[in-house]
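Colleague: make a model of this:
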Amino acid sequence: MQRPPVRVSDAAPPVSRPNPLPHLAMLAWAVVTALPLIWAVMSSLKTDEEILNHPWSPPASPQFENWARAWTTASIGRYFFNSLIVVGGALLLTMLLGSLVAYAVARYQFRGNRLVYYTFVAAMFFPVFLALVPLFFVVRQLGLLGTYPGLILVYTAYAVPFTVFFLHSFFRTLPTEVAEAAFLDGCSHGAVFFRVMLPLARPGLVAVGVFNFLGLWNQYLLPLVLNPDPDRYVLAQGLAALSVSQGYDSDWSGLFAGLTIAMLPVLVAYVAFQRHIRAGMTAGAVR
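Modeller: Next comes the predicted model:
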């Protein structure tokens, strides 16, 4: 029996071949990004002779004492804990103040609402190095030069504008009905914010918290100007001093060990919270 002719509408749609160029570009970007990190970690486990004579080969025998020497002798441990104190305090203040301002601007209508919001947005585009000289005199007049509270307050002022900008659109997407139900149950404005809205905004808070941590942990210009006390150096300042001293001493393995120790918190934070970052970036649009 002769088969009926196949109509055009019954034919299978043509299969489009994937374009390999985007994948190749992403692969090249991954290699360019990951190769220096892998090389630094490998060099931190080598001897100085291996670093100079065989820079691209893996370590013959891992030298973990390089990390111990950098932690103790090169004072990386002290710089590390200084950074934890400053960045931890600044992060807590930034998240508290930034979320409060973003919530008030996003959920309440008052005179000057737009002015407050755009003031914070404009502060994001102001180059920080233009404010270093007046900032130095202000911090010195307050008696906070070279102190932990001085750096914490300056870090907070530096990070709050981005936090307000990021969380503003997120708070606007939260359901109004939930807040109204909480008000009917007798909650105050503060209770609604801390008990209802903050838990709903958790993806956005985690995402902006990770971004702030990465930016503040790698901050160098502000502590360079406002933190002249060597005993209170943060990690970026300590690494800069270490690169000079270890360069003269030719202790390249200790220098790479210090660099690796400084990278670890950033890598751990990003790997641990990468799903939360993606969820926070898309939660506002999905809602």
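
Colleague: please name the residues that touch Y79.
Modeller: Y233, V234, L235, Q237, G238, L239 (CB atoms under 8 Å, 6 or more residues apart in numbering). The way it works is simple: take the backbone N, C-alpha and C, and place the C-beta from them, glycine included.

Colleague: try 6 Å this time
Modeller: By CB atoms under 6 Å, 6 or more residues apart in numbering, the contact list for Y79 reads Y233, L235, G238.

Colleague: in JSON lines, list those along with secondary structure and pLDDT.
Modeller: Output for the contacts of Y79, formatted as JSON lines (DSSP: H, G, I helix; E, B strand; the rest coil; pLDDT from 0 to 100):
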{"residue": "Y233", "secondary structure": "coil", "pLDDT": "91"}
{"residue": "L235", "secondary structure": "helix", "pLDDT": "90"}
{"residue": "G238", "secondary structure": "helix", "pLDDT": "87"}
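
Colleague: for M124, which non-adjacent residue is spatially closest?
Modeller: Distances taken as CB to CB, 6 or more residues apart in numbering put P161 closest to M124, at 4.7 Å, once the chain neighbours are dropped.

Colleague: list the contacts of the one you found.
Modeller: Applying CB under 6 Å, 6+ apart, we find P161 in contact with F120, A123, M124.

Colleague: please apply the same query to F136.
Modeller: Applying CB under 6 Å, 6+ apart, the residues near F136 are V225.

Colleague: ok, it to G150 distance?
Modeller: Distance, F136 to G150, by CB to CB, to the nearest Å: 10 Å.

Colleague: so where do the helices sit in the protein?
Modeller: 20-44, 48-53, 65-72, 76-107, 113-124, 132-141, 148-172, 176-184, 189-191, 198-200, 202-217, 221-226, 235-249, 252-286 (DSSP state H).

Colleague: and the last one, average pLDDT?
Modeller: Spelled out, it's helix 252-286. Averaging pLDDT along helix 252-286 yields 76.

Colleague: next one: the second one
Modeller: Predicted confidence along helix 48-53 averages 86 (mean pLDDT).

Colleague: quick one: contacts of that helix?
Modeller: S43, W252, S253.

Colleague: which among the contacts of P161 gets closest to R202?
Modeller: F120 (21.9 Å; CB to CB).

Colleague: which pLDDT does the model give the closest one?
Modeller: For F120, the predicted pLDDT is 92.

Colleague: distance of F211 relative to L200?
Modeller: From F211 to L200 the distance is 20 Å (CB to CB).

Colleague: ok, now which ones touch the residue lying closest to L145 once chain neighbours are set aside?
Modeller: Using CB to CB, 6+ apart and skipping residues adjacent in sequence, the residue nearest L145 is V139, 5.2 Å away. When contacts are counted by CB under 6 Å, 6+ apart, V139 touches L145, G150, L226.

Colleague: what's the closest of these to V196?
Modeller: For the contacts of V139, the nearest to V196 is G150 (35.3 Å; CB to CB).

Colleague: can you tell me which residues contact that closest one?
Modeller: By CB under 6 Å, 6+ apart, the contact set of G150 is V139, L144.

Colleague: distance check, it against A90.
Modeller: 11 Å.

Colleague: re the thing from before, and which of the contacts of helix 48-53 is nearest Y270?
Modeller: Using CB to CB, these come closest to Y270 at S43, 21.6 Å.

Colleague: close enough to count as contact, that closest one and F256?
Modeller: Yes - because the distance of 4.1 Å satisfies CB atoms under 6 Å, S43 is recorded as touching F256.

Colleague: per-residue pLDDT, V8?
Modeller: pLDDT, V8: 50.

Colleague: for F129, same thing?
Modeller: pLDDT, F129: 83.

Colleague: can you get me a residue count around it?
Modeller: By other CB atoms under 10 Å, the residues close to F129 number 11.

Colleague: do F137 as well
Modeller: 10.

Colleague: can you pull the contacts of the most centrally placed residue in the chain?
Modeller: The residue lying closest to the centre of the chain (CA atoms, centre = their mean) is L214, at 2.2 Å. Neighbouring residues of L214 by CB under 6 Å, 6+ apart: V266.
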